[in-house]
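> no letters, just coordinates:
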Ligand SMILES: C[S@@+](CC[C@H](N)C(=O)[O-])C[C@H]1O[C@@H](n2cnc3c(N)ncnc32)[C@H](O)[C@@H]1O
């Protein structure tokens with residue numbers, strides 16, 4: 001029988017503790033896909049605008065098991081909070097920090113460090129800047145961070161457009177006035193499966209949707225696009241949208 005979802009599924013309707021870490025890593029992060037290369041180049045340019053170690057505290061919102069955004073922050077940032085609500089994602093992050101990263105992350109780090117030689121000599125050293133922070137986005141205090149990063153979260157955790165907007169708003173307000181923002185979004189992605197698991201709620205967005213949310217909340221908004229990566233499973237997306245902006249100065 002075909003599965004049908006008629007009611008809009010909100011963030012709290014999905015079991016984030018059961019996020020399928022192993023399958024997600026296998027599908028997305030066990031080797032560098034062309035889209036990863038694109039995101040890493042984009043985010044590396046963002047972080048290289050800051051002197052090494054000049055950001056006291058930065059945020060990775062909805063870190064999940066993806067280590068490369070944390071690597072990229074480790075040059076500029078002295079303290080990276082990896083916020084994650086799900087038990088499975090938290091366990092993976094804690095294990096990587098306590099026992100050393102999986103070998104498959106080394107090629108990601110080599111790319112990050114080739115682009116930004118100010119990154120620490122080893123991935124293990126870079127990860128010493130990372131602090132795992134359990135919690136949902138709505139636990140974040142306002143204005144705590146010098147910069148914040150969010151990758152494949154606001155559009156990939158709810159079907160509710162208002163909740164997508166609220167998550168983006170929380171992301172912007174997590175940084176101090178004048179603080180810097182970098183993010184990536186799946187473009188046009190509907191609710192999706194990882195492997196043969198359950199359907200996870202998503203909210204298809206395009207550049208216009210991002211502009212509608214971020215233009216009134218930020219300054220210096222820049223959005224670019226990566227072509228659909230056909231080396232990934234078919235998630236129904238049409239590519240990736242990359243964003244940088246700043247929270248307006250007070
Ligand atoms: C599609 S995954 C993206 C993971 C990772 N950022 C990446 O780049 O692959 C979405 C992540 O958002 C987390 N998440 C779900 N609801 C959240 C919320 N309300 N606040 C913060 N993170 C949330 C999930 O547990 C999951 O780790």
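Noted; the coordinates are in hand. Bear in mind that the values here come from a model prediction, so they are computed numbers and not experimental data. Numbers count the residues shown, from 1 in each chain.
> the chain: helices as residue ranges?
Assigned by DSSP state H, the helices in the chain fall at 21-28, 34-48, 68-73, 87-99, 106-115, 123-127, 161-174, 207-214.
> report all helices and strands that the fifth one contacts.
Applying 3 or more Cβ pairs under 8 Å, 6 or more residues apart in numbering; DSSP states H and E, one finds that helix 106-115 makes contact with helix 34-48, helix 68-73, helix 123-127. Placement of C-beta: from N, CA and C, glycine included.
> flag every buried residue along it.
The neighbour-count check on helix 106-115 (16 or more other Cβ atoms under 10 Å) flags 108-109, 111-113, 115 as buried.
> again with the shortest one
Taking 16+ other Cβ under 10 Å as the neighbour-count basis, helix 123-127 is seen to contain the buried residues 123, 126-127.
> swap in the second one?
Counting neighbours by 16+ other Cβ under 10 Å, one finds that the buried residues in helix 34-48 are 35-36, 38-40, 42-44, 46-48.
> before we move on, back to that, how about the helices and strands packed on helix 106-115, which one is nearest residue 90?
Between residue 90 and the helices and strands packed on helix 106-115, the shortest gap by Cβ to Cβ is with helix 68-73, which sits at 13.8 Å.
> who are the packing partners of the closest one?
Judged by 3+ Cβ pairs under 8 Å, 6+ apart, helix 68-73 is in contact with helix 34-48, strand 58-61, strand 80-84, helix 106-115, helix 123-127, strand 145-151.
> so which of the ones you listed comes closest to the ligand?
Nearest to the ligand among the helices and strands packed on helix 68-73 is strand 145-151 (3.6 Å), distances taken as Cβ to the nearest ligand atom.
> okay, now the sheet partners of that closest one, with direction.
Each strand paired with strand 145-151, and its direction, by DSSP bridges: strand 58-61 (parallel), strand 175-187 (parallel).
> contact partners for residue 131?
79-82 (Cβ atoms under 8 Å, 6 or more residues apart in numbering).
> any weak-confidence spans in the chain?
Within the chain, the segments meeting pLDDT under 70 span 1-6.
> in it, which residue sits nearest the ligand?
Taking Cβ to the nearest ligand atom, the chain has residue 64 as its residue nearest the ligand, at 2.6 Å.
> next, that residue: phi, psi?
The phi/psi pair for residue 64 (degrees, to the nearest 10) reads phi 50, psi -150.
> can you list the residues of this structure near the ligand?
Counting by Cβ under 6 Å from any ligand atom, the chain comes close to the ligand at 11, 16, 19, 61-64, 66, 83-86, 89, 136-137, 151-153, 156-157.
> quick one on the thing from earlier: and the helices and strands packed on helix 106-115: which comes nearest residue 250?
Using Cβ to Cβ, the nearest of the helices and strands packed on helix 106-115 to residue 250 is helix 34-48, at 22.1 Å.
> identify the residues contacting residue 87.
Residue 87 sits next to 17-18 when contact means Cβ under 8 Å, 6+ apart.
> 10 Å instead, please
15-19, 21, 134 (Cβ atoms under 10 Å, 6 or more residues apart in numbering).
> just the buried members of these?
16, 19, 21.
> from residue 90, how far out is the second one?
Residue 19 sits 10 Å away from residue 90 when distances are taken as Cβ to Cβ, to the nearest Å.
> shared neighbours of the two, anything?
Counting by Cβ under 10 Å, 6+ apart, the residues touching both residue 19 and residue 90 are 64-65, 84.
> now those in TSV, with neighbour count?
Below are those laid out as TSV (neighbours: other Cβ atoms under 10 Å):
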residue	neighbour count
64	27
65	23
84	27
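> now render those residues as CSV, adding distance to residue 146.
Converted to CSV, the shared contacts of residue 19 and residue 90 look like this (distance: Cβ to Cβ, whole Å):
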residue, distance to residue 146
64, 22
65, 25
84, 20
